[in-house]
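Visitor: Here is a sequence with its predicted model. Questions after.
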Amino acid sequence: MSGKAIPIGISNFETMILENYLYVDKTRYIEVLENTKSKAQVFLRPRRFGKSLFLSMLSNYYDINKKEEFNSLFKDLYIGKKPTALKNSYIIWNIAFSGLNTLDRNYLFTSFSNNIIMSVRSVFNNYSNLFDSEKIIDELKNTTDIKKAVSILFDQARNRKKKIYVLIDEYDHFANDLIAMDDGITYREVVHANGFVRDFYEVLKEGTTTVVDRIFMTGVSPVMLDDMTSGFNIAVNITLEEEFNSMLGFTEEEMDYILDNCNFIEGYTRNELKNFLKANYNGYLFNKHAKCKVYNSNMLLNFLGTWQRTKRFPEDILDPNVNMDRARILMLAKNENNRKMLEDILFNERIMGKVEPKFSFEFMYKDEYFVSLLFYLGMLTIDVDEFGFEYLIIPNYVSKVIYWDYMKLKLTDEYNINVKMHDLTMAIANMAIKGDISGFINYVSREILSKISNRDLIKFDEKNIKLLLMAYVIQTGIYRAVSERECEEGYIDLIFERHEGYKHLKYDWMIEIKYLKESERAKAQETLQKAKKQLEKYALESEYSGHSTYRYSSGNVAKAVKQDGCLKLVVVVFIGKKDYIVEELW
């Protein structure tokens, strides 16, 4: 890659601009935000969507102390050419709620209080040209009283006839931690009436009658906002409004701008890379009327930045911080109904429903709110079918991997399954190098299926087997798993495609799966023959668009297999918890 450096983990707007990092211009939304009726706005997006960088951009634009730097920061951007009347006109009060100590209520109170008071002290440090900051900071040094600290700030700003713009990042971060720990008691104590979190927002609300002119808050979910009710009812949630669909994340046009600044490694075309990035990081829609889906910006940049740094196609498509998403899914699936819903979502890749704009902690495990919470976490997104019905669907392949990881962890916890990574890796490598799937099927049968209780096996069917195979085949990163891919003759059970970083390996797989209970063993051969005919029909009469480094896009699969030899077709019939039949067609 050449041109500007791809930023990884940089959320400081000034650093991005002055050190010549690649920056996708989102400054036109300053104008859009100012034109909305509300001066207190809440904007929610999943993690790794660039919220902190957006707040940093707002801070630099509105900061009264940044007048001299305006041209150097904004001259080449939209807002630099069309500035609003409010530019460089505010005292900026930045508050970030990540990293608070949520061990118990007392620790959280101390951490929360210190965080607010330190942010107030930072304001006086930053605006020592306006205030007698040394004296005020000394007064704040020993206080633990949030109301006192905030009142001092408001009084000083009013005395200087200055207005304050409050920017709050990750307003719900500590609340999400409490939810993840299933600590509903602490959550209710701090957020509901007489709780110190609610008290703070009531003070902030009072400030809007005097010196607080604008508030912009980011977060992930609306749960805490709804639970504070009248404590902070001045804020308008703009999350699901059409005009803000692509305020964060990258559109296709913005994606093209990014790729214009990239050179590609030998062996990969721009179109191949774009298709890969679209499948993994695109797909998010936050309003059913919006015209375009967007990419998860931070995950995309992390991938491209790794490529730029290593000069190799990154083998890991997941953001290093994805473990938090896995943990939250495990927490959310604490009851049987939610676990079943997660499995249904993964198998069908969609669920009928719509996003609830707000819901409280008390209701978030109910079906309609549970799927909405998955939407806010970025695990589902909005889709609309040809009849106008709204669905929630899995947005991209990376999200599927997180679900599959949940499936693996669930099995590990429930049945004490210890993944032998060496054996699993060798079995999957043999699939890719030698075209031999028997070792992988044997591993799944011996190490996983055989350990599942007979009681649970009663509920097993082909769907569960597919989820098992997908959950474990992705562990090495060699294969991408695709379930129920539509073709002219129906739906192909499973396709394992080599990851683009392993294009030197040889074999992809198209697999037809059948499952028989022990009592149905006599049907094994009949089931096998039917499955072979079914798969052969898919292959002979359907077109299949395969791995992005080559295309099975003209002619049928049988023709492609004969020409390329890279796609293996196989039927697997599992019988009970220990037996199976594997038969390869080609």
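Guide: In hand now; what should we look at? Residues are numbered from 1 along each chain as shown.
Visitor: check contacts around the nearest residue to residue 124 once chain neighbours are set aside.
Guide: Spatial nearest neighbour of residue 124, chain neighbours left out: residue 133 (4.2 Å); criterion: Cβ to Cβ, 6 or more residues apart in numbering. All C-beta spots, glycine's among them, are computed from the backbone N, C-alpha and C. Residues in contact with residue 133 (Cβ atoms under 8 Å, 6 or more residues apart in numbering) are 124-125, 127.
Visitor: rerun that using 10 Å as the cut-off
Guide: By Cβ atoms under 10 Å, 6 or more residues apart in numbering, residue 133 lies in contact with 121, 123-127, 156.
Visitor: How about residue 72?
Guide: Going by Cβ under 10 Å, 6+ apart, residue 72 touches 14, 17-18, 66, 80.
Visitor: got the residues you listed as TSV, with neighbour count and distance to residue 441 columns?
Guide: Below are these laid out as TSV (neighbours: other Cβ atoms under 10 Å; distance: Cβ to Cβ, whole Å):
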residue	neighbour count	distance to residue 441
14	15	55
17	19	54
18	12	56
66	18	62
80	17	60
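Visitor: rewinding a little: only the buried subset of the contacts of residue 133, as a PyMOL command please.
Guide: In PyMOL syntax, the buried subset of the contacts of residue 133 is picked out as below (16 or more other Cβ atoms under 10 Å):
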select buried, resi 121+123+124+126+127+156
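Visitor: Quickly name whichever of the contacts of residue 133 is closest to residue 10.
Guide: Checking those against residue 10 by Cβ to Cβ gives residue 126 as the nearest, at 20.6 Å.
Visitor: For that closest one, grab phi and psi.
Guide: Main-chain dihedrals, residue 126, degrees, to the nearest 10: phi -70, psi -20.
Visitor: Give me the pLDDT value at it.
Guide: pLDDT for residue 126: 97.
Visitor: now residue 487
Guide: Per-residue confidence (pLDDT) for residue 487: 58.
Visitor: Residue 563 now?
Guide: At residue 563, the pLDDT value in this model is 48.
Visitor: Now do the helices in the stretch 151-300 of the chain.
Guide: All helices of the stretch 151-300 of the chain, identified by DSSP state H, counting those that start in this stretch, fall at 173-180, 184-191, 196-207, 223-227, 252-260, 270-281, 297-310.
Visitor: Can you add mean neighbour count and mean pLDDT and give those helices back as a markdown table?
Guide: Shown next, in a markdown table, are those (neighbours: other Cβ atoms under 10 Å; pLDDT from 0 to 100):
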| stretch | mean neighbour count | mean pLDDT |
| --- | --- | --- |
| helix 173-180 | 22 | 86 |
| helix 184-191 | 19 | 90 |
| helix 196-207 | 19 | 94 |
| helix 223-227 | 23 | 85 |
| helix 252-260 | 15 | 93 |
| helix 270-281 | 18 | 89 |
| helix 297-310 | 21 | 89 |
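Visitor: what about these, which gets the closest to residue 27?
Guide: Closest approach to residue 27 among those (Cβ to Cβ): helix 252-260, 12.9 Å.
Visitor: Output the closest one as PDB, restricted to C-alpha atoms.
Guide: Presented in PDB, the C-alpha positions along helix 252-260 are these (Å, rounded to 0.1, in the frame of the first residue of the first chain):
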ATOM      1  CA  GLU A 252     -19.400   2.100  -0.800                       C
ATOM      2  CA  GLU A 253     -18.300   5.500  -2.100                       C
ATOM      3  CA  GLU A 254     -16.100   6.100   1.000                       C
ATOM      4  CA  MET A 255     -14.800   2.600   0.600                       C
ATOM      5  CA  ASP A 256     -13.700   3.400  -3.000                       C
ATOM      6  CA  TYR A 257     -11.900   6.500  -1.600                       C
ATOM      7  CA  ILE A 258     -10.000   4.300   0.900                       C
ATOM      8  CA  LEU A 259      -9.000   1.800  -1.800                       C
ATOM      9  CA  ASP A 260      -7.800   4.600  -4.100                       C
END
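Visitor: what comes into contact with it?
Guide: Contacts for helix 252-260 (Cβ under 10 Å, 6+ apart): 1, 3-4, 6, 22, 24-26, 246, 250-251, 270-271, 273-274, 277-278, 281-282, 292-295, 297, 300-301, 304.
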